[in-house]
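1. No sequence on hand, only this structure:
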C-alpha cells in the first residue's frame, strides 16, 4: 500500500510541476486524507510489534522474536514513510497553491492591460460624444480621421508597451 501511495504522490508531483495549467488541489487533499487514514492504521501497530520482538510479552516463544523483530522493523519503516508522505503532500499542496496564485496574477495583468487599451478609445469617444459647440476640430475636415488615428496610435503604443513588459 505504501508503494501505491508513493506512486500516486509522484504522479501528483509530476502534474503539479508540469507546464500544463492544472489545479490538482482536490487530488492532493484526497491523497492527504488517504495518508491520514494510513497513518491511523499503521501507527498503533509499531508499539505492540516492538513489544513482541523484544520479549516483553511472556506468551511468545523466544524463537519467534526474530520474526516479530522483522515485522516491527517493517511497521516502523512504513510509519516513517507515512509521516514523510504527509510532509511531502503538504509541500506539494503549497507549491500547487503558489502556482495557482502566479497564474491568477498573470491573468490579472493580462486583463488589466486589455482594459487599459480599451479605456483610451472609450475616453476619447466619450469626450467627442458630449456635443460641445466650441471644439475646433469639429468643423475641421480631418477632425474625425485625426481622432480615430489618435485612438489607434495610443492603443498601438499601449499594446506594444504591454507586449514588451510581458503583460500580453
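-> Cool, the structure landed. Everything quoted here is computed from the prediction, not taken from an experiment.
2. Now residue 23: phi and psi?
-> Phi and psi for residue 23, reported as degrees, to the nearest 10, are phi -120, psi 110.
3. tell me the pLDDT at the residue nearest to it when sequence neighbours are not counted?
-> Nearest residue to residue 23 in three dimensions, chain neighbours excluded: residue 100, at 5.9 Å (C-beta to C-beta, 6 or more residues apart in numbering). In this view, the C-beta of every residue, glycine as well, is placed from N, C-alpha and C. For residue 100, the pLDDT comes out at 85.
4. ok, now residue 139?
-> pLDDT recorded at residue 139 is 71.
5. and what of residue 136?
-> 62.
6. same deal with residue 34?
-> Residue 34 is assigned 90 on the pLDDT scale.
7. element containing it, please.
-> In this assignment (DSSP states H and E), residue 34 forms part of helix 25-54.
8. So which other helices or strands are in contact with that helix?
-> Other helices and strands packing on helix 25-54, by 3 or more C-beta pairs under 8 Å, 6 or more residues apart in numbering; DSSP states H and E, are helix 2-16, helix 65-128.
9. For the shortest one, buried residues please.
-> The one in question is helix 2-16. By 16 or more other C-beta atoms under 10 Å, the buried positions in helix 2-16 come out as 2, 5, 8, 9, 12, 13, 15, 16.
10. Quick one: residues contacting the closest residue in space to residue 6 that isn't next to it in sequence.
-> Once flanking residues are discounted, residue 6 sits nearest to residue 85: 7.1 Å by C-beta to C-beta, 6+ apart. Going by C-beta atoms under 8 Å, 6 or more residues apart in numbering, residue 85 touches 5, 6, 9, 35, 38.
11. what would those residues look like in a markdown table with distance to residue 163?
-> Below are the contacts of residue 85 laid out as a markdown table (distance: C-beta to C-beta, whole Å):
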| residue | distance to residue 163 |
| --- | --- |
| 5 | 46 |
| 6 | 44 |
| 9 | 40 |
| 35 | 45 |
| 38 | 50 |
